[in-house]
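Undergrad: turn this into a structure:
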Amino acid sequence: MQSFETEIENPIVQKDIIELANKIELFNNGKIDEEKFRSLRLARGVYGQRQEGVQMIRIKIPYGKMKSNQLRRIADVSDEYSRGRLHITTRQDIQIHYVDLQRTPELWAELEKDEVTVREACGNVVRNVTASETAGIDVNELFDVSPYADAIFKFFLRNPICQEMGRKFKVSFSNTDEDTGLSYLHDIGFIAKVENGVRGFKVMVAGGLGSQPRHAEELYSFLPADKIIPVMEGVLRVFDRYGERKSRAKARMKFLLKDIGLEAFKGLIAEEQKAIEFKTVAIDADAYVASQPVSVEAPQVEIKDQAAFDLWKSTNLIPQKQDGYVAIGVKVLLGDFYTDKARLLANLIDNYAAGEVRLTLRQNIVIPFVKEELVPFFYQELEKLGFVEAGYNKAVDITACPGTDTCNLGIASSTGISVELERMITAEYPQYLQNEDLVIKISGCMNACGQHNMANIGFQGMTVRTPEKLVAPALQVLLGGGNLGNGNALFADKVVKVPSKRGPEALRRILNDFEANANGKSFVDYYKVTGERYFYDLLNDLQDVTNLTQEDFIDWGEEEKYVKEIGIGECAGVVIDLIATLFFESEEKIDNAKASFEDEVYSSAIYYAYQSLVNSAKALLLAENKKTNTHAGIVSQFDEFFIEGGKIDLGTSFSELIYEINKNAPTKDFALSYIANADKFLAAVRAYREAEQAKA
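TA: Reported below is the predicted structural model:
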């Protein structure tokens with residue numbers, strides 16, 4: 001532990017890392033329930049992977065912006081603790097794999113030396129805040145959304161209101177009406193707007209993908225920028241209290257809004273306003289320090305293959321609003337690259353650009369602030385790294401999640417089929433190297449990490465079963481999804497399910513038909529005209545599983561016969577007293593409340609006390625086998641069974657006691673009394689539990 005204390009200057013980060021190390025030790029000794037330990041480590045970016053005994057570490061890169069020193073630091077950590085490979089996700093994070101759980105605290109400590117965090121990269125928290133990769137350089141943007149994304153990231157990191165929600169919460173920022181941040185599929189999405197000279201955002205809420213995709217609804221057509229933090233806090237408070245907690249499949253915010261409706265949701269947000277300390281939070285965009293390009297002379301270079309260079313320039317250069325500069329889009333196959341390339345890239349951008357890279361939602365890299373006269377030199381240097389494949393953000397640029405390579409939930413290989421489809425398009429449809437309209441995405445399961453159900457053409461990993469009960473890898477083919485801009489979009493229809501080895505033929509037929517009959521229409525518009533039934537008839541014979549060959553039972557990128565394996569890799573936990581564990585956690589939350597009170601952060605102190613009250617009530621309800629699906633349900637159930645049933649006397653109802661939180665401003669006096677009530681309540685329910693155990 002001493003090394004963490006001496007190497008990390010930030011005491012909050014230091015405490016975080018020491019806590020993770022302590023909890024790992026308690027888990028190893030059987031003193032923490034597996035579910036509780038899982039929740040803790042996930043909120044610190046430590047995720048179990050498919051292979052037993054090792055972890056995936058997700059590194060948070062807020063809104064995809066990363067400085068060269070941070071890229072070097074991540075490369076060093078990957079070499080020391082992993083296998084030297086970096087994976088860019090569809091949420092602008094970086095993942096490294098095959099990490100020993102016991103070494104995760106020291107790994108985190110190493111990252112923090114360059115202000116890189118893993119905190120809340122996974123788990124039921126506010127995940128990485130994503131944004132348009134061209135923020136700050138886009139020729140069409142109203143303003144740079146980076147300062148606002150940065151403010152949201154910092155305000156909610158470690159914020160007690162969003163540490164133990166029922167499910168994850170995703171946030172995005174788009175800098176133009178093109179909505180490149182994909183607001184419509186996020187829990188809350190912000191699209192830049194200006195009204196009467198005031199900066200603000202169109203706000204979308206409760207979107208999501210997964211097995212039941214839902215289009216986000218418009219919460220505000222325009223919200224001034226100084227209101228985005230208070231509004232998001234209200235949304236999170238409502239989601240934390242009323243969101244489902246038991247049934248994981250129904251725990252995302254999209255299900256809450258579907259159940260209660262937008263107007264009721266707005267009403268609940270209004271009820272929280274007294275509890276929210278800051279009614280406005282001004283974000284000083286001018287104080288945000290953006291990267292500055294270096295001034296260098298362009299080295300003389302000789303381009304050996306002019307045709308390849310010209311093609312690359314036509315597909316991989318991005319105009320910038322800053323005169324004399326362009327950005328370079330680097331197509332990264334499957335989002336995977338290695339640490340040796342990462343270091344060379346860091347050196348290149350340090351010496352000849354602005355010392356910054358952007359990670360994109362399509363698993364690529366953007367290098368901003370490249371002088372136009374330096375483009376040939378960059379091409380030459382990037383070619384040495386294997387980073388000049390043409391087709392950035394074009395049809396050949398297929399997005400895919402890790403699938404069965406490392407993910408517990410992967411059903412079929414998304415990476416293997418992605419490589420094959422990119423190869424096929426490049427070879428057979430070279431015109432698609434420059435086609436921005438066609439978006440192809442692949443996920444290894446229904447959870448849609450590859451975002452397959454928002455693509456023009458999507459594939460989802462599945463299985464098929466033959467009449468002889470043999471199981472083969474398969475792909476659900478989805479068609480017609482697309483981003484229409486300004487928060488509007490279409491989700492793709494499920495059309496057919498084909499054995500995986502027939503995926504290329506399915507795509508070939510779709511592209512051939514599109515080429516022959518679309519007559520200049522976009523794929524989305526062409527699909528609207530033709531419809532699901534048309535493509536079902538076109539592809540239906542590929543679904544036949546009575547004629548599979550031996551090759552059909554081997555997934556893409558594999559050599560062995562396919563075996564369906566889901567959910568392998570998480571360690572088995574030790575059975576312990578869950579009720580006692582919940583009481584122990586209630587104590588911890590009260591301690592956190594008192595610490596926040598001492599620091600004069602009264603809103604946090606109050607919320608920690610609220611969590612303790614809910615936790616303590618949940619403990620007794622679980623002991624009586626009562627439902628604990630939502631916080632609101634816990635409150636009403638406790639009143640019904642324990643208060644109205646005359647088992648516990650609080651002198652008031654539990655709902656009156658706990659819901660003081662949204663009837664009072666977060667003052668010092670209220671914080672003091674609310675913490676005291678949480679303390680008394682814990683003592684009361686513990687005494688009841690001990691008395692009941694004594695009777696038994």
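
Undergrad: give me the next element, helix or strand, following the least confident helix or strand in the chain by mean pLDDT.
TA: Counting by mean pLDDT, DSSP states H and E, the weakest-scoring helix or strand in the chain turns out to be helix 2-7, with a mean of 54. Using DSSP states H and E, the next helix or strand after helix 2-7 towards the C-terminus is helix 11-28.

Undergrad: other SSEs contacting the helix or strand following that following helix?
TA: Toward the C-terminal end, the helix or strand that comes next after helix 11-28 (DSSP H and E) is helix 34-42. Packed against helix 34-42, as judged by 3 or more CB pairs under 8 Å, 6 or more residues apart in numbering; DSSP states H and E, are the following elements: helix 11-28. From N, CA and C alone the C-beta is placed, and that goes for glycine too.

Undergrad: tell me what angle the helix it packs on forms with helix 34-42.
TA: Helix 11-28 runs at 150 degrees relative to helix 34-42, counting by axes from the mean of the first three to the mean of the last three CA atoms, to 10 degrees.

Undergrad: average pLDDT across helix 11-28?
TA: Confidence over helix 11-28, taken as the mean pLDDT, stands at 90.

Undergrad: got a list of contacts for that helix?
TA: For helix 11-28, contacts defined as CB atoms under 8 Å, 6 or more residues apart in numbering pick out 1, 4-5, 8, 32, 34, 37, 40-41, 44, 46, 101-102, 104-105, 108-109, 112, 117, 119, 158, 573.

Undergrad: report the buried members of these.
TA: In the contacts of helix 11-28, burial by neighbour count holds for 4, 8, 32, 34, 37, 40-41, 44, 46, 101, 104-105, 108-109, 112, 117, 119, 158, counting by 16 or more other CB atoms under 10 Å.

Undergrad: any weak-confidence spans in this structure?
TA: Counting by pLDDT under 70, the chain contains low-confidence ranges at 1-7, 405-406, 408, 564-577, 696.

Undergrad: domain ranges for it?
TA: Partitioning the chain according to automatic domain parsing yields domains covering residues 1-121, 124-288, 306-384, 399-553, 578-695.

Undergrad: can you give me the end-to-end distance of the longest one?
TA: Read it as domain 124-288. The straight-line separation of the ends of domain 124-288 (CA to CA, to the nearest Å) is 29 Å.

Undergrad: kindly check the end-to-end length of stretch 489-502 for me.
TA: The first and final residues of stretch 489-502 sit 29 Å from each other (CA to CA).

Undergrad: run the chain-centre distance for it.
TA: Computed by CA atoms, centre = their mean, to the nearest Å, the chain-centroid distance of stretch 489-502 equals 23 Å.

Undergrad: what comes up buried for it?
TA: Residues 489-493, 495-502 are the ones in stretch 489-502 that count as buried (16+ other CB under 10 Å).

Undergrad: which two of those have the greatest separation?
TA: Distance extremes for the buried residues of stretch 489-502: the farthest pair is A489 and K501 at 31.2 Å, using CB to CB.

Undergrad: what ranges do the strands span in the stretch 51-200 of the chain?
TA: With DSSP state E, counting those that start in this stretch as the definition, the stretch 51-200 of the chain shows strands at residue ranges 55-59, 65-67, 85-88, 94-99, 126-131, 169-174, 188-195, 198-205.

Undergrad: okay, those in TSV with mean neighbour count and distance to A308 next?
TA: Converted to TSV, these look like this (neighbours: other CB atoms under 10 Å; distance: least, CB to CB, whole Å):
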stretch	mean neighbour count	distance to A308
strand 55-59	26	33
strand 65-67	22	28
strand 85-88	22	24
strand 94-99	22	29
strand 126-131	26	32
strand 169-174	26	33
strand 188-195	23	37
strand 198-205	22	41
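
Undergrad: export those as JSON lines, with columns for distance to G410.
TA: Written out in JSON lines, the entries for the strands of the stretch 51-200 of the chain read as follows (distance: least, CB to CB, whole Å):
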{"stretch": "strand 55-59", "distance to G410": "12"}
{"stretch": "strand 65-67", "distance to G410": "27"}
{"stretch": "strand 85-88", "distance to G410": "14"}
{"stretch": "strand 94-99", "distance to G410": "13"}
{"stretch": "strand 126-131", "distance to G410": "20"}
{"stretch": "strand 169-174", "distance to G410": "20"}
{"stretch": "strand 188-195", "distance to G410": "27"}
{"stretch": "strand 198-205", "distance to G410": "29"}
